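K.L.:
Here's my sequence, what's the structure:
(3 chains)
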Amino acid sequence: MPVARPEPLASRVIAHVDMDCFYVQVEQRKRPELKGVPTAVVQYNSWKGGALIAVSYEARKFGVQRSMRGDEAKKVCPDIQLVQVPVARGKADLNLYRDAGSEVVSLLATKGRCERASIDEVYLDLTGAAEQMLSATPPDTLEEIDEEALKSHVLGLPNDPCSQGEYVKQWLCRSDADHQDKLLACGVIIVAQLRMDVLKKTSFTCSAGIAHNKMLAKLASGMHKPAQQTVVPSSSVTELLASLPINKMKQLGGKLGSSLQRDLGVTTVGNLLDFTEEKLQEYYGRNTGTWLWNIARGISGDEVEGRLLPKSHGCGKTFPGQQALRTLTSVKPWLNGLCEELSERIQSDLEKNKRVAHTLILHAEGFKVCEVPTNRKFPSKSCPLRYGTAKIQEDAWKLFESGLREFLDLQSNEWGITSLTVSASKILPVPAVSLLI
DNA sequence: CATTTTGACGCT
DNA sequence: AGCGTCAAA
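P.N.:
So this is what the prediction gives:
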């Protein structure tokens, strides 16, 4: 459940940068002939043409959506180019996209604290950079403002397409603006420059949101895509949230959001204003209640963490339908393959980033053929992580066997495994001195 | 038992 | 330690 954090005392400038249909762009950079044509990236393709995980904007015009099957996409968009995710050891291999994501993070981490939020998203705390710009070269003194910054969307401004650029220029350069808005204006210019730099150096476009906190920045980055940016002045927040469907807010797209709608009749984020903090706490607990009360007002104290690398590595594969693994002999090679990939990834993390993983975790899902139907799930198991592919394979196999015994509970001899995942967590930097010894 | 493969974080 | 929720390609 979400937890409320105290708001920093001073106003911050926060950006959320989100790559546009990222996997598609990565494939289009590799194969330039795909640029500008309807394209999607699919995982596997033998079952109904594979599952779409990224869709280009050209393809979206035809109604192609993520989660569609390749065959289905071909029906609504016969000319669509379906590019397959690379496969290694019989499973999808996402390393190409991880590496492309790292390229982007390196460029975005140069202007302030940067948090890698996912393979293709970051949060930036640009407060310092914005303050510095405001004191040295405030926007109203600039002779020329980047065209990219002028193309920004400013929430709350009249959206007359003819004079949009003029309004934006006026907003950016208003010398009578309050300090908060001036800082945001600086953020807009910095983010425009960062996005241009990313495009120039990687050929990837991205969209961005600029606001006073992470929640609003994230909301804004999704409002105008692809390749655009949106700023959220404080004065626009009440109206924005008043009509924002509750499930569009981060963290409220699932069960909590549905429960707000079902149990309290809350349809929009603004509707939350009808409830006292105490009432929300009564329903959802102290932490979540306060968090809800705050987001209704556009308040979110979440800090941008300075973290450019993932906190864990995982490798998994599902075995749906007839593919379920029904014998120890069939599980073993798959588990070994997953461990091999994991071993390579943590070894590379050690060499590139001087970090060591300390815990190995095995997750599985399965079913058993049983007289009395049971709800028991396959239990997750963990142990200290020892480096070396063979050791990881050995340890993961022990974890699997112990999980399977618990799962079967002496109830059944007939079973199937439908998903296997190994992951490495508790990743810590190796102290610099210990590298010398 | 056909989206799949990730990854972060909160609760107990 | 292990489970559940949420999100995005």
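K.L.:
rest of the way, CA atoms for contacts and neighbours
P.N.:
OK.
K.L.:
Buried residues, stretch A:282-299. List them.
P.N.:
A:284, A:286, A:288-299 (16 or more other Cα atoms under 10 Å).
K.L.:
how about CSV for those, with secondary structure, pLDDT and distance to DNA strand C added?
P.N.:
What follows is the buried residues of stretch A:282-299, written out as CSV (DSSP: H, G, I helix; E, B strand; the rest coil; pLDDT from 0 to 100; distance: Cα to the nearest atom of the strand, whole Å):
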residue, secondary structure, pLDDT, distance to DNA strand C
A:Y284, helix, 98, 11
A:R286, helix, 97, 16
A:T288, helix, 98, 11
A:G289, helix, 98, 13
A:T290, helix, 98, 16
A:W291, helix, 98, 13
A:L292, helix, 98, 13
A:W293, helix, 98, 16
A:N294, helix, 98, 16
A:I295, helix, 98, 13
A:A296, coil, 98, 15
A:R297, coil, 98, 18
A:G298, coil, 98, 16
A:I299, coil, 98, 17
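K.L.:
Close to DNA strand C: what parts of chain A are there?
P.N.:
A:1, A:18-24, A:53-54, A:118-120, A:247-257, A:359, A:377-383 (Cα under 7 Å from any atom of the strand).
K.L.:
Mind checking which of those residues are buried?
P.N.:
Applying 16+ other Cα under 10 Å to these flags A:18-24, A:53-54, A:119-120, A:247, A:249, A:252, A:256-257, A:359, A:378-382 as buried.
K.L.:
In strands only, show me the residues of chain A next to DNA strand C.
P.N.:
A:D18, A:M19, A:I53, A:A54, A:S118, A:T359, A:K381, A:S382, A:C383 (DSSP state E).
K.L.:
DNA strand B next: which of these are close?
P.N.:
Near DNA strand B, by the rule Cα under 7 Å from any atom of the strand, you find A:I53, A:S118 out of these.
K.L.:
Neighbours of A:S425, how many?
P.N.:
20 (other Cα atoms under 10 Å).
K.L.:
Assign it to helix, strand or coil.
P.N.:
strand (DSSP: H, G, I helix; E, B strand; the rest coil).
K.L.:
Verify the stated contact: it with A:V356.
P.N.:
No. Using Cα atoms under 8 Å, A:S425 is not in contact with A:V356; the gap is 9.1 Å.
K.L.:
Bridged to the residue positioned nearest the centre of chain A, which residues?
P.N.:
Per Cα atoms, centre = their mean, the C-alpha nearest to the average position across chain A is that of A:S118, at 3.7 Å. Beta bridges link A:S118 to A:E121, judged by DSSP bridges.
K.L.:
One more: A:L82?
P.N.:
Applying DSSP bridges, one finds that A:L82 bridges with A:A40.
K.L.:
I figured it was touching A:A40, is that so?
P.N.:
Yes. Under the criterion of Cα under 8 Å, A:L82 makes contact with A:A40 at 5.1 Å.
K.L.:
Name the residue in those two with the higher neighbour count.
P.N.:
Shown here are A:L82 and A:A40; by other Cα under 10 Å, A:A40 has more neighbours (30 against 22).
K.L.:
Give the full set of residues in contact with that one.
P.N.:
A:V24, A:L52, A:I53, A:A54, A:V55, A:S56, A:A59, A:I80, A:Q81, A:L82, A:V83 (Cα atoms under 8 Å, 6 or more residues apart in numbering).
K.L.:
Around DNA strand B, pick out the residues from the stretch 51-200 of chain A.
P.N.:
Counting by Cα under 7 Å from any atom of the strand, the stretch 51-200 of chain A sits next to DNA strand B at A:51-53, A:66-67, A:91-94, A:98, A:117-119.
K.L.:
Can you flag the buried ones in these?
P.N.:
Among those, the ones that count as buried (16+ other Cα under 10 Å) are A:A51, A:L52, A:I53, A:R66, A:K91, A:A92, A:D93, A:A117, A:I119.
K.L.:
which stretches of chain A have low pLDDT?
P.N.:
Applying pLDDT under 70 to chain A picks out residues A:435.
K.L.:
From A:R66, how far off is whichever residue of the stretch 151-300 of chain A sits closest to DNA strand B?
P.N.:
Residue of the stretch 151-300 of chain A nearest DNA strand B, by Cα to the nearest atom of the strand: A:N287 (5.7 Å). A:N287 sits at a distance of 34 Å from A:R66 (criterion: Cα to Cα, to the nearest Å).
K.L.:
Out of the buried residues of stretch A:282-299, which is nearest to A:G128?
P.N.:
A:I299 (20.4 Å; Cα to Cα).
K.L.:
so who does that closest one touch?
P.N.:
A:I299 neighbours (Cα under 8 Å, 6+ apart): A:E7, A:N213.
K.L.:
Would you agree A:S135 falls within a helix?
P.N.:
Yes. Judged by three-state DSSP, A:S135 forms part of a helix.
K.L.:
three-state assignment of A:E401?
P.N.:
helix.
K.L.:
Could you count how many residues lie near it?
P.N.:
If we define neighbours as other Cα under 10 Å, then A:E401 has 14 of them.
K.L.:
try A:N413
P.N.:
10.
K.L.:
gap between it and DNA strand B?
P.N.:
14 Å (Cα to the nearest atom of the strand, to the nearest Å).
K.L.:
Now that residue, what are its backbone angles?
P.N.:
phi -110, psi -10 (degrees, to the nearest 10).
K.L.:
contacting residues for it?
P.N.:
A:K368, A:V369.
K.L.:
what's the domain layout of chain A?
P.N.:
According to the TED database, chain A comprises the domains A:1-20+A:90-308, A:22-89, A:313-429.
K.L.:
Any chance of these in CSV with distance to A:I437 as columns?
P.N.:
Formatted as CSV, the domains of chain A follow (distance: least, Cα to Cα, whole Å):
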stretch, distance to A:I437
domain A:1-20+A:90-308, 27
domain A:22-89, 35
domain A:313-429, 14
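K.L.:
For the stretch 201-350 of chain A, which segments count as strands?
P.N.:
A:206-211, A:229-231, A:313-318 (DSSP state E, counting those that start in this stretch).
K.L.:
want to throw the ones you listed into TSV with distance to A:I14 and mean neighbour count?
P.N.:
Shown next, in TSV, are these (distance: least, Cα to Cα, whole Å; neighbours: other Cα atoms under 10 Å):
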stretch	distance to A:I14	mean neighbour count
strand A:206-211	5	29
strand A:229-231	10	28
strand A:313-318	27	19
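K.L.:
In chain A, which residue sits furthest out from the middle?
P.N.:
A:E371 (42.2 Å).
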